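J.: model the structure of this input:
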Amino acid sequence: MPAPASDSLRLLLVEDDPGHAHLFLRALRRGGIDYPVVVLGDGEEALAFLTGEPRRAGDLLVLDLHLPRLDGKALLARLREDPRLADLPVIVTTTSLDPADEELCHALGCRVFVEKPIDPVAFEEALARLAEEPRSAE
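T.: Residues are numbered from 1 along each chain as shown. Okay, the predicted model is just below:
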């Protein structure tokens with residue numbers, strides 16, 4: 001699947017490990033995926049960014065599960081409580097192999113759960129799965 005034009009999708013990456021963030025961005029570039037990406041380092045920073053005025057959410061949140069200050073599960077729960085963000089598509093990335101983590105994330109509204117390290121093919125597949133899922137009416 002060819003990558004969309006860079007102005008068609010904006011990503012918000014919440015990742016506390018600079019090395020993982022770098023690898024994610026590099027994997028996107030190597031895969032020819034050219035989206036604008038905002039990188040934030042923890043859950044509190046992401047929540048402030050997403051709920052601030054004016055609303056600055058991207059079109060897609062790529063969320064690390066294990067974050068400092070406010071972890072990915074808690075951030076997902078907070079987002080789903082906010083009517084402006086309840087339908088924001090979320091891809092959770094993690095090194096966790098615990099099925100309970102995946103179940104909880106899906107219960108909290110995560111659309112796709114992807115194991116790290118992320119490769120471009122897995123990310124494109126995650127985007128394709130998101131595109132196939134209906135979004136609720138706003």
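J.: which parts of the chain are strands?
T.: Assignment of strands within the chain using DSSP state E yields the ranges 11-14, 37-40, 60-64, 90-94, 112-115.
J.: so in this structure, where's the weakest helix or strand by average pLDDT?
T.: Ranked by mean pLDDT, DSSP states H and E, the weakest helix or strand in the chain is helix 120-132, scoring a mean of 76.
J.: tell me which residues in that one are buried?
T.: Within helix 120-132, the residues that count as buried by 16 or more other Cβ atoms under 10 Å are 120, 122-124, 126-127, 130. Glycine gets a C-beta too; all of them are placed from N, C-alpha and C.
J.: now render these as a markdown table, adding distance to Pro89.
T.: Formatted as a markdown table, these follow (distance: Cβ to Cβ, whole Å):
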| residue | distance to Pro89 |
| --- | --- |
| Pro120 | 18 |
| Ala122 | 16 |
| Phe123 | 13 |
| Glu124 | 15 |
| Ala126 | 10 |
| Leu127 | 9 |
| Leu130 | 5 |
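J.: and which of these is nearest to Leu61?
T.: Leu61 lies nearest to Leu130 out of the buried residues of helix 120-132, by Cβ to Cβ, at 11.0 Å.
J.: just give me the neighbour total for Ala46.
T.: Close neighbours of Ala46, defined as other Cβ atoms under 10 Å, add up to 27.
J.: repeat that for Leu61.
T.: Using other Cβ under 10 Å, Leu61 is surrounded by 25 other residues.
J.: can you check the pLDDT for it?
T.: pLDDT, Leu61: 92.
J.: show me what contacts the closest residue to Ala74 other than its chain neighbours?
T.: Among residues not flanking Ala74 along the chain, Gly43 sits closest, at 6.4 Å (Cβ to Cβ, 6 or more residues apart in numbering). The contact partners of Gly43, by Cβ atoms under 8 Å, 6 or more residues apart in numbering, come to 14, 67-72, 74-75.
J.: pull the number of nearby residues for Leu67.
T.: 23.
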